[in-house]
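Peer 1: Prediction below, plus the sequence it came from.
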Amino acid sequence: MPTPNNTFGQIWNRVLLYCPDLPPPLAQEFVKITYHQVIGDHSWTDTRKDAEFLLPDAYTTGTITVTNGSTSVLGAGVDFTNGSLYVGRQLSVGNIAPFYTITAVTQAIALGTYDTLTLDRAYANSTEAGVTFSIGQYYVEFPTDLYVLERIRDQANGWYLITQTYNQEYLDRVDVRRQSTGTPTLCVSAPSRTDGATGIVYPRYELWPRVQAKRFYAYRYRSNPELQSNSDRPISSLSPEVLVFGALRQAAIWPGTKDKPNPYFSQELHATYTKMYDDALQNSIQQDMERNQEMVQIADDPRRSFPFDAKYIQSHIW
């Protein structure tokens, strides 16, 4: 288990103790690369997180005017009093795909003016006035540290949504206009959203069929923690030796520069540190598994067509 001194800064400085001629930025990069690889090698207990989200009721009151090539949408007979609530949600023109994400809402302040929505990209279809619409959370945003989405639980119905096997291309074949609404059964990866002000990328998923009524979901995911500042620490289940030896095995195959060759460039050292890395990694994985041993595991088949829940188990096993 890491001690309080096993921070990112302490770890890459330990690498320099073995390879003092290694440039510090390169030592840091080797540690980061190793850490990223390690996170994907095992479902670490410390990377599993629980979270929830609430899908709102879809808003369909009134009509809108959309203009080809414009990001502005004018509303008539609408009420966006709480305009900020709609930012980040999706607009479906004519209640069909494609979905446009709303980036801003301007409420009418004088008689004869219109509420205005600003879209994330220019409207590409024909200009239309008085068209019906739907605003809802059709793309659900997830935490930025999302690595693997493991489970989404439908709390009302007591089953899992299918998060594997299917993708956007499949939905485009079975419901290209996204007209199906109701209780979602699938959750597929959707285009991510990049915040224009911060550059932060938010992963998004689409629930299908499209949700029109308020619905609550809980989910579990594997995070992808990063080592950025020197005070950051790796996950607690991971021995710091894994990162040290992993960085050293990369340093052993770095030839250096023309003016300053790497004196530790050696296939033998690479093989030695690879063996030490593998042993340390397997030891950490074993300790993590023992720490969270499960007595019974029930496989979740993503292709099932029935709710495999507690009621089913009780009626078919006992």
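Peer 2: Cool, the structure landed. Numbers count the residues shown, from 1 in each chain.

Peer 1: In contact with the residue most central in space within the chain, which residues are there?
Peer 2: What sits nearest the mean C-alpha location of the chain, by Cα atoms, centre = their mean, is residue 146, with 3.4 Å. Counting by Cβ atoms under 8 Å, 6 or more residues apart in numbering, residue 146 makes contact with 203, 221-224. For glycine as for every other residue, the C-beta is placed from the backbone atoms N, C-alpha and C.

Peer 1: most surrounded residue in those?
Peer 2: Counting neighbours by other Cβ atoms under 10 Å, residue 221 comes out on top of these with 22 neighbours.

Peer 1: Does it lie in a helix or a strand, and which?
Peer 2: Using DSSP states H and E, the element containing residue 221 is strand 215-223.

Peer 1: In contact with the closest residue to residue 126 other than its chain neighbours, which residues?
Peer 2: The spatially closest residue to residue 126, leaving aside those adjacent along the chain, is residue 68, at 6.0 Å (Cβ to Cβ, 6 or more residues apart in numbering). The contact partners of residue 68, by Cβ under 8 Å, 6+ apart, come to 122-127.

Peer 1: now swap in residue 244 and tell me
Peer 2: Counting by Cβ under 8 Å, 6+ apart, residue 244 touches 11, 14-15, 18, 31.

Peer 1: quick one: secondary structure of it?
Peer 2: Put simply, residue 244 is helix when judged by DSSP: H, G, I helix; E, B strand; the rest coil.

Peer 1: so how far is residue 208 from it?
Peer 2: As defined by Cβ to Cβ, to the nearest Å, residue 244 lies at a distance of 46 Å from residue 208.

Peer 1: now swap in residue 170 and tell me
Peer 2: Remark: distance between residue 170 and residue 208 (Cβ to Cβ) = 9 Å.

Peer 1: residues contacting the nearest residue in space to residue 147 that is not next to it in sequence?
Peer 2: Among residues not flanking residue 147 along the chain, residue 224 sits closest, at 3.7 Å (Cβ to Cβ, 6+ apart). Under the criterion of Cβ under 8 Å, 6+ apart, the neighbours of residue 224 are 36, 39, 47, 145-147.

Peer 1: any idea how far residue 224 is from residue 94?
Peer 2: Residue 224 sits 38 Å away from residue 94, going by Cβ to Cβ.

Peer 1: what do you get for residue 88?
Peer 2: Residue 88 sits 21 Å away from residue 94, taking Cβ to Cβ as the criterion.

Peer 1: For residue 299, give me the pLDDT.
Peer 2: At residue 299, the model reports a pLDDT of 48.

Peer 1: Mind naming the longest helix for the protein?
Peer 2: In the chain, taking DSSP state H as the definition, the longest helix is helix 267-291.

Peer 1: and that helix, which residues are buried?
Peer 2: 269-270, 273-274, 276-277, 280-281, 284-285, 288 (16 or more other Cβ atoms under 10 Å).

Peer 1: Tell me which residues are up against it.
Peer 2: Helix 267-291 is contacted from outside by 34, 38, 41-42, 44-45, 237-239, 241-242, 245-246, 248-249, 252-253, using Cβ under 8 Å, 6+ apart.

Peer 1: quick one: which of these sit in helices?
Peer 2: Here DSSP H is the test, and these give 34, 38, 41, 241-242, 245-246, 248-249 as lying in helices.

Peer 1: mind showing which ranges of the chain have poor pLDDT?
Peer 2: Applying pLDDT under 70 to the chain flags residues 1-5, 110-113, 293-318.

Peer 1: Do a quick rundown of the helices in it.
Peer 2: Assigned by DSSP H, the helices in the chain fall at 8-18, 24-41, 168-174, 240-251, 267-291, 310-316.

Peer 1: closest to residue 181 out of those helices?
Peer 2: Closest of the helices of the chain to residue 181 is helix 168-174, at 13.5 Å (criterion: Cβ to Cβ).
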